[in-house]
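[1] predicted model and sequence below, questions to follow.
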Amino acid sequence: MPAQPFVELLNEQIGHEFAASQQYLAIASYYDDETLPRLAAFFYAQALEERNHALMMVQYLLDADAPAPIPGVAAPQNGFGDVVEPIALALEQEKRVTQQINALAATARQEGDYSSEQFMQWFIKEQIEEVASMNDLLKVVQRARENPLLAEEYLAREAPGEEGPDPTAPPVAGGPL
């Protein structure tokens, strides 16, 4: 079984991942309402990805015979002042999650829980990609603030986040056997 301090932090992180998923759904809905379908699709996909991150963590705990209670989450922010604000919020969220993931890996290492430390390595790599992707998107949307259709064009042309499934990703609870 994983070290108890790691289990406690990972259970908290499951809540953070579900909250991130909800926030991305709120952002996607905002962009859908603004008739910006590519930005909406990008964030709907991000919401699913965050949900799956939570379920990867749940599966790890279940496989390790540790408790995995599913937490409730606070309501996400739904109103935004302009098309830039949601992405700035998303970038700050990704930076915060990166700190949380690094703290999880550090806790596993401090506790001598090498299996949990190894499990966290995929998430560390993932967070580098998430922060970079969101940072790039923020720069594009800041430049396209007055004409958000340019951001839509960027997403159509560059298609960030559409690499397909990562074969090295941990299994998702409830996923294919």
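    Here it is on my side, so go on. Numbers count the residues shown, from 1 in each chain.
[2] how close does the closest residue to residue 112 other than its chain neighbours sit to residue 104?
    Among residues not flanking residue 112 along the chain, residue 3 sits closest, at 7.3 Å (C-beta to C-beta, 6 or more residues apart in numbering). Placement of C-beta: from N, CA and C, glycine included. Separation of residue 3 from residue 104 (C-beta to C-beta, to the nearest Å) stands at 11 Å.
[3] what about the protein, any weak spots by pLDDT?
    Counting by pLDDT under 70, the chain shows low-confidence ranges at 160-164, 176-177.
[4] quick one: the helices in it, in order.
    4-33, 37-63, 85-110, 114-143, 149-158 (DSSP state H).
[5] next, the buried residues of the second one.
    Yep, that's helix 37-63 we're talking about. By 16 or more other C-beta atoms under 10 Å, the buried positions in helix 37-63 come out as 38-44, 46-47, 49-61.
[6] mind listing what the residue nearest to residue 171 when sequence neighbours are not counted touches?
    Nearest residue to residue 171 in three dimensions, chain neighbours excluded: residue 59, at 5.2 Å (C-beta to C-beta, 6+ apart). Going by C-beta atoms under 8 Å, 6 or more residues apart in numbering, residue 59 touches 170-173, 175.
[7] same check on residue 64?
    1-2, 115-116.
[8] closest one of those to residue 94?
    Taking C-beta to C-beta as the measure, residue 94 sits nearest to residue 116 out of the contacts of residue 64, at 22.0 Å.
[9] surely that closest one is in contact with residue 6?
    Yes. Between residue 116 and residue 6 there is a contact at 4.8 Å, judged by C-beta atoms under 8 Å.
[10] pull up the overlap in contacts between these two.
    Shared contacts of residue 116 and residue 6 (C-beta under 8 Å, 6+ apart): 104, 108.
[11] which neighbours do residue 3 and residue 104 have in common?
    The contact sets of residue 3 and residue 104 overlap at residue 116 (C-beta under 8 Å, 6+ apart).
[12] mind listing what the most centrally placed residue in the chain touches?
    Nearest to the mean C-alpha position of the chain, by C-alpha atoms, centre = their mean, lies residue 50 at 3.9 Å. Residue 50 makes contact with 17-18, 20-21, 24 under the criterion C-beta under 8 Å, 6+ apart.
[13] relative to residue 10, how far out is it?
    Residue 50 sits 15 Å away from residue 10, going by C-beta to C-beta.
[14] for residue 27, see how far away the most far-flung residue of the chain relative to its centre is.
    What lies farthest from the middle of the chain is residue 146; by C-alpha atoms, centre = their mean that is 27.7 Å. Residue 146 sits 20 Å away from residue 27, going by C-beta to C-beta.
[15] how far away is the residue nearest to the centre of the chain from residue 18?
    Distance of residue 50 to residue 18, computed by C-beta to C-beta: 8 Å.
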